[in-house]
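> Next comes the sequence, and after it the predicted model I'd like to discuss.
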Protein chains: 2
Amino acid sequence: MIDFLAHCRSIVGDAFVLDSSADMAPFLTDWRGRFTGKALAVLRPASVDQVAALVRACAQWRVALVPQGGNTGLVLGSVPDAGGGAVVLSLARLNQIRLVDPVNRTMTVDAGCILQQVQEAAAAAGCMFPLSLAAEGSCTIGGNLSTNAGGTAVLRYGNTRELCLGLEVVTPQGEIWSGLRGLRKDNTGYDLRDLFIGAEGTLGVITGAVLKLYPQPKASITALAALPSPAHALQLLTLMQDHCGSSLTGFELMSRYCLELVAQQFPSLPKPFAAPHPQYVLLELSSSESEQHAVGLLEQAIGAALERDVISDAVVATSVAQSAGLWQLREHIPLAQAKAGKNIKHDISLPVSSIADFIAATGPLLDAAFPGCQLVCFGHLGDGNLHYNVAPPDGISNEDFLLNQDKVNRVVHDSVAGFGGSISAEHGIGALKRDELAHYKSAVELNMMRAIKAALDPLGIMNPGKIL
Amino acid sequence: MIDFLAHCRSIVGDAFVLDSSADMAPFLTDWRGRFTGKALAVLRPASVDQVAALVRACAQWRVALVPQGGNTGLVLGSVPDAGGGAVVLSLARLNQIRLVDPVNRTMTVDAGCILQQVQEAAAAAGCMFPLSLAAEGSCTIGGNLSTNAGGTAVLRYGNTRELCLGLEVVTPQGEIWSGLRGLRKDNTGYDLRDLFIGAEGTLGVITGAVLKLYPQPKASITALAALPSPAHALQLLTLMQDHCGSSLTGFELMSRYCLELVAQQFPSLPKPFAAPHPQYVLLELSSSESEQHAVGLLEQAIGAALERDVISDAVVATSVAQSAGLWQLREHIPLAQAKAGKNIKHDISLPVSSIADFIAATGPLLDAAFPGCQLVCFGHLGDGNLHYNVAPPDGISNEDFLLNQDKVNRVVHDSVAGFGGSISAEHGIGALKRDELAHYKSAVELNMMRAIKAALDPLGIMNPGKIL
């Protein structure tokens, strides 16, 4: 391996092959601090050609490599395992916005660009790149692509896959595939782009991308609706979509318990309603026309929902500050959870039409198995995506409850599978959910995935132990 | 092969294994009547299990199979070659709408459903399936998926790939992959769905799909704008998108020559302007709110375009009949071409921002090589998709001019490649453009495609000779 590292140093320079424990540390532990892997070295190339040369070296010496962006993933996809024989390939130095084309509504970026940097470059050109998620100040677009990240704008604009027109990828053989096409229509062979998107670095290294841009909305307006049940939330979704079409850009479900937790842990945040309600929906409308248009549309839709008893009450934000306050309630749910103690998290999705039935069916199953456990259930209802987290019953310590993690997962994921849902809506599989994937996917599907992996990466050097 | 056909008969019944020339004829000639292939038989299964059993038989006897839907493809993808050793596998009898779920905004359909049948079932549930194209009365959704069909609604709703959430596929081994998920977010491994979509039956047989539905717009309104040049059309596109956002649902470019051809061949159609203009754009706006809203939005945007000299003139349809009349001008261009004589067609796409430069650069190249040739240039400008057709100069017969097809293709496709475009925007590759694909795609990309093909279809029985 001395020869291998010397060769890597000749490619990127001594300063960019890190092999001391101190230098490597930030690259080896995952975002939530649950796992620390080991590595031979951390490689920090500055160009696509350097990435290709490093991958060729890995292929020659049969060294596994773990591509890494901002290392903000939640499923242990971007850190190496405990073996110590792999290298981390950090894309962070590939961080240039290559081109913004406002007429084509595209931008071409390096994989290591921070998501916020991408958003800002789009805005500077009078456009919008809609992908938005909690880690946007430190995650990279390459990581977003490799995990097909979701976030809060999926309802209107889709997942990262739908926001990408072309890719540049270094293959496991160290060749460069220049697929940086900025085309809305292109039917020339197999869709390699969507295969690399979401592959979590197991098929190649994404080094660049052509992203879709959108016109910036002229105005956005937010409201919080109170409802008797999740079934009413589904009625509200249909009503809002029929009234507002693509102007509906946010639809987030939160249970009473979620907002009570936020109020306990963050007492200075707004309390929109005098009395509690079983469920809440945070609504966001955006207009390409004017604030007046957005307000009129929202008031009309809320009026119809009140009239039909779909909602019990509603608060409409009348200022940007009030809008931000309502969104803070939503965004503080995970923070309030973290302050209140540990819990067992699930990132699941379901057919939207099954969500009320899933919630009604799964709570009693958990309560039967773990009497008194608390459900922190919230999420992107418009996308069918719930963050369905289970907290310990009163009087049970976090540590004791976490011993039940596998059993809790089995109850929740069995119920998800029964409703035709997914055990990973937006976080991916990584190393964390690999066994769950093997448990729930059909042999036919797993075999096709394995065949593709073996065909494109016959040496098995690309992020081994992730997904498959 | 007698054993093979006997086995097929035992699976689907004697009546559904066609092997007389007369019975097979409609399945062997392509839509435009340019090529007639040969086949051992045409197999007409009625269920997914029958499809799987037939594919297993093909694998066992090493018989190639050509999946076929409505056989309306334009690139010889759904007809067998001249060898006579393959079977055609018609999906036409799998034609049930399995489920419509208006709350999830999805429908689950058999691959053999006619596109129009799918549209009508969506409408009956108060929703819209937006895919729309000329062959919608006879093409099947399985064919649309296998070719990732485009059409007139791509600007707002995307290609067929963006309209599909899940697939059911019979693999080349004759196994059934049940991937009929109705989920907006699902990050559980490789995107097999998008790999089968657009694969033109070379990786497996699509037997069913979960399709996305949308709310029906409350109103649509159409206008025809007259402009000095394609560059002005690009300015108009940016202006319209900034003003109208996702309400802009159609943006079709037509040159003066196109409308003159239509007026010559179909003199009863409307003539919206008294004097000719160099270019025209057909605009369509849809509103989720009301006709009044759509009209207001369109008038405001057209006013701004006139004020800034982006357009020279405009006609807004004030009735459904007038709207239909304007669309007829667009839809009659290919018909007028066909009546006027043969021409050399190209289905190309470009970055939207390069379209004016492409048109300005390519015309002179063609004129230099083929003096006096006529360009029939029109298409879905909002998607960067041009139908760029070349007609013979006056005094040259169709037959003589068609001898130049390869040379004309080379001039056009070289120019497309130079602008970073695609030689097949929405029709696919089939057998017709296979050599062009090999000419323009990089070795890296072709090798990845071949590796995937060999991994999933190691016997090479799935629609051989198509794409690769």
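Perfect, thanks for sending it. Since the model is a prediction, treat every value here as computed from it, not as a measurement. Numbers count the residues shown, from 1 in each chain, chains lettered A, B, ... in the order given.
> Every contact and neighbour count from this point should use C-alpha atoms.
Noted.
> Would you mark the buried spots in stretch A:124-140?
Neighbour-count burial for stretch A:124-140 flags A:127-133, A:136, A:138-140 (criterion: 16 or more other C-alpha atoms under 10 Å in any protein chain shown).
> center of chain A - which residue?
Central residue of chain A (C-alpha atoms, centre = their mean): A:Ala149, 3.6 Å from the mean position.
> Next, it: secondary structure please.
coil (DSSP: H, G, I helix; E, B strand; the rest coil).
> longest single helix anywhere in chain A?
As assigned by DSSP state H, the longest helix anywhere in chain A is helix A:320-340.
> Next secondary structure after that helix?
Next along the chain after helix A:320-340, taking DSSP states H and E as the criterion, comes strand A:347-349.
> Mind giving me the packing neighbours of the helix or strand just after that next one?
Per DSSP H and E, the first helix or strand lying C-terminal to strand A:347-349 is helix A:355-369. Packing contacts for helix A:355-369, counted by 3 or more C-alpha pairs under 8 Å, 6 or more residues apart in numbering or on different chains; DSSP states H and E, involve helix A:230-244, helix A:405-418.
> Pairing partners for A:Cys164 in the sheet, please.
Taking DSSP bridges as the rule, A:Cys164 bridges to A:Leu211.
> For stretch A:190-197, which outside residues touch it?
A:145-148, A:161, A:165-167, A:179, A:203-204, A:206, B:190-192, B:194-199, B:449 (C-alpha atoms under 8 Å, 6 or more residues apart in numbering or on different chains).
> Point me to the residue of the stretch 301-450 of chain A nearest chain B.
A:Ala425 (4.4 Å; C-alpha to the nearest C-alpha).
> helix, strand or coil for that residue?
Three-state assignment for A:Ala425 (three-state DSSP): coil.
> What of the one 3 residues further on?
Under three-state DSSP, A:Gly428 falls in the coil class.
> So what's the predicted local confidence for it?
pLDDT, A:Gly428: 97.
> give the contact list for A:Thr152.
Neighbours of A:Thr152 in contact, by C-alpha under 8 Å, 6+ apart: A:131-133, A:250, A:380.
> What parts of the stretch 51-200 of chain A come near chain B?
Within the stretch 51-200 of chain A, the positions near chain B by C-alpha under 8 Å from any C-alpha of the partner chain are A:101, A:103-104, A:147-148, A:150, A:159, A:162, A:175-177, A:181-192, A:194-196, A:198-199.
> before we move on, back to that, now the helices and strands packed on helix A:355-369 as JSON lines including distance to B:Val88?
Output for the helices and strands packed on helix A:355-369, formatted as JSON lines (distance: least, C-alpha to C-alpha, whole Å):
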{"stretch": "helix A:230-244", "distance to B:Val88": "43"}
{"stretch": "helix A:405-418", "distance to B:Val88": "36"}
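> How about the residues of the stretch 351-468 of chain A by chain B?
Within the stretch 351-468 of chain A, the positions near chain B by C-alpha under 8 Å from any C-alpha are A:351-353, A:383-385, A:420-429, A:437, A:442, A:444-445, A:448-449, A:451-452, A:455-456, A:467.
> thinking again about what came up before, and the residue nearest to the centre of chain A, what's its pLDDT?
97.
> how about stretch A:415-435: buried residues?
Buried residues in stretch A:415-435 (16+ other C-alpha under 10 Å): A:415-417, A:419-434.
> Any idea how far apart the tips of that stretch sit?
One end of stretch A:415-435 sits 17 Å from the other (C-alpha to C-alpha, to the nearest Å).
> and A:Met254, what element?
Per DSSP H and E: A:Met254 is located in strand A:248-255.
> from the middle of its chain, how far away would the helix or strand harbouring A:Ile221 be?
Per DSSP H and E: A:Ile221 is located in strand A:219-227. Relative to the chain's own centre, strand A:219-227 is displaced by 23 Å; criterion: C-alpha atoms, centre = their mean, to the nearest Å.
> Kindly report the same for stretch A:178-190.
When C-alpha coordinates are averaged (C-alpha atoms, centre = their mean), stretch A:178-190 and its chain have centres 25 Å apart.
> Can I get it in CSV, CA atoms only?
What follows is stretch A:178-190, C-alpha atoms only, in CSV (Å, rounded to 0.1, in the frame of the first residue of the first chain):
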residue,chain,number,x,y,z
SER,A,178,-19.2,13.1,-20.1
GLY,A,179,-23.0,13.1,-19.9
LEU,A,180,-23.4,16.8,-19.1
ARG,A,181,-26.3,17.3,-21.4
GLY,A,182,-28.7,20.1,-20.8
LEU,A,183,-31.6,18.6,-22.7
ARG,A,184,-35.3,18.3,-21.8
LYS,A,185,-35.8,15.4,-24.2
ASP,A,186,-33.2,12.8,-25.1
ASN,A,187,-34.1,9.3,-26.1
THR,A,188,-30.8,7.9,-27.1
GLY,A,189,-30.4,4.7,-25.2
TYR,A,190,-30.5,3.6,-21.6
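> quick one on the thing from earlier: from A:Arg193, how far out is the residue of the stretch 301-450 of chain A closest to chain B?
According to C-alpha to C-alpha, A:Ala425 stands 20 Å off from A:Arg193.
> quick revisit: select from the buried residues of stretch A:124-140 every entry located in strands.
In this view, the buried residues of stretch A:124-140 that belong to strands under DSSP state E are A:127-128.
> can you confirm A:Glu168 is in a strand?
Yes - under three-state DSSP, A:Glu168 sits within a strand.
> Kindly state the pLDDT recorded for the residue nearest to A:Ala317 when sequence neighbours are not counted?
Among residues not flanking A:Ala317 along the chain, A:Ser323 sits closest, at 5.2 Å (C-alpha to C-alpha, 6 or more residues apart in numbering or on different chains). Listed pLDDT for A:Ser323 reads 93.
> Break chain A down into its domains, please.
The record's domain split for chain A, according to automatic domain parsing, is A:2-90, A:97-215, A:219-340, A:347-418.
> Now the stretch 151-300 of chain A against chain B: closest residue?
Closest point on the stretch 151-300 of chain A to chain B, by C-alpha to the nearest C-alpha, is A:Asp186, at 4.4 Å.
> which element is that residue on?
With DSSP H and E as criterion, A:Asp186 is part of no helix or strand.
> Tell me the spatial nearest neighbour of it, not counting adjacent residues.
Distances taken as C-alpha to C-alpha, 6+ apart put B:Ala425 closest to A:Asp186, at 4.4 Å, once the chain neighbours are dropped.
> For the one you found, give its distance to B:Tyr388.
Distance from B:Ala425 to B:Tyr388, by C-alpha to C-alpha: 11 Å.
> A:Gly158 now?
A:Gly158 sits 31 Å away from B:Tyr388 when distances are taken as C-alpha to C-alpha.
> Also A:Ala226?
In this view, A:Ala226 and B:Tyr388 are 55 Å apart by C-alpha to C-alpha.
> same question, A:Ser78
46 Å.
> Find the nearest non-adjacent residue to A:Ile461, please.
Counting by C-alpha to C-alpha, 6+ apart, A:Ile461 lies nearest to A:Ala64, which is 4.2 Å off, once chain neighbours are set aside.
> Test my guess that that neighbour contacts A:Leu459.
No - using C-alpha atoms under 8 Å, A:Ala64 is not in contact with A:Leu459, being 9.1 Å away.
> quick one: which of these two has more around it?
A:Ala64 (24 against 17; other C-alpha atoms under 10 Å in any protein chain shown).
> for the more buried one, phi and psi?
With angles defined as degrees, to the nearest 10, A:Ala64 shows backbone torsions of phi -70, psi 150.
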